[in-house]
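*Asks:* Give me coordinates for this.
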Amino acid sequence: MDFTEYDDDFNAAPEPTRGAAVPDGEYTVKLTELGIKTFDDGGRRFEYTFDLDNGLHIWKKEYIPATGASDPKDVKKRGYIMADARAVSGNPNIKFSEFVNAMPTYIGGTFKVTKKTNGKYVNVYINERVDTPVAPAAPPAPAQPALPGVPVASTPFD
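*Replies:* Numbering: from 1, shown residues only. The predicted model follows:
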């Protein structure tokens, strides 16, 4: 196929404007999006969007290795994903499935992240959750049954 007919149009196209780049460093950010993207080939990846106070964004995209994949890179990747899951959830003992099922609850949380550029690659590390999620209230203790032979104290409302 001959694409020379497109040359003039593409050569005349203006240079795109890009948003300001976030320099390397540690940032306190708000998690505004978290989801899993599925590709036509069945591959999946986590996609995080972190917003800075100045309107800039940091994105993190992490592919999810296939179940049972034993390549050393896949095994290492699972460790990174679980480190992120522990940091995002604030739970050092969370299971992968628990993290995935609870993903919508993490949106809006505040985190410390580090952005590092290594050549052409950008790495984003989720260091810790800095807000404290509200823990559900503990259920009330069950009423203790009266012991035989022990009188029950009366109250002014009896």
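*Asks:* Would you tell me what helix or strand P23 is located in?
*Replies:* Using DSSP states H and E, P23 sits within no helix or strand.
*Asks:* Excluding chain neighbours, what is closest to it?
*Replies:* K115 (7.7 Å; CB to CB, 6 or more residues apart in numbering). (Glycine included, C-beta is placed from N, CA and C.)
*Asks:* Check the gap between that neighbour and A69 for me.
*Replies:* 28 Å (CB to CB, to the nearest Å).
*Asks:* Now do the buried residues in the longest helix anywhere in the chain.
*Replies:* Longest helix in the chain, counting residues (DSSP state H): helix 72-89. Within helix 72-89, the residues scored as buried using 16 or more other CB atoms under 10 Å are K77, I81, D84, A85, R86, A87, V88, S89.
*Asks:* Look through the protein and tell me its longest strand.
*Replies:* Using DSSP state E, we find that the single longest strand of the chain is strand 25-38.
*Asks:* Could you point out the helix or strand that follows that strand?
*Replies:* strand 44-51.
*Asks:* number of nearby residues for the nearest residue to F46 once chain neighbours are set aside?
*Replies:* What sits nearest to F46 in space, not counting adjacent residues and going by CB to CB, 6+ apart, is E62, at 4.6 Å. Number of residues near E62 (other CB atoms under 10 Å) recorded here: 15.
*Asks:* same for the helix or strand that E62 is a member of, what does it pack against?
*Replies:* For E62, the element it lies in under DSSP H and E is strand 57-64. Judged by 3 or more CB pairs under 8 Å, 6 or more residues apart in numbering; DSSP states H and E, strand 57-64 is in contact with strand 25-38, strand 44-51, helix 72-89, strand 110-118, strand 121-129.
*Asks:* hmm, who's touching the longest helix of the chain?
*Replies:* 31, 34, 46, 60, 62-66, 69, 92, 94, 96, 98-99, 102, 106, 109, 111, 126-129 (CB atoms under 8 Å, 6 or more residues apart in numbering).
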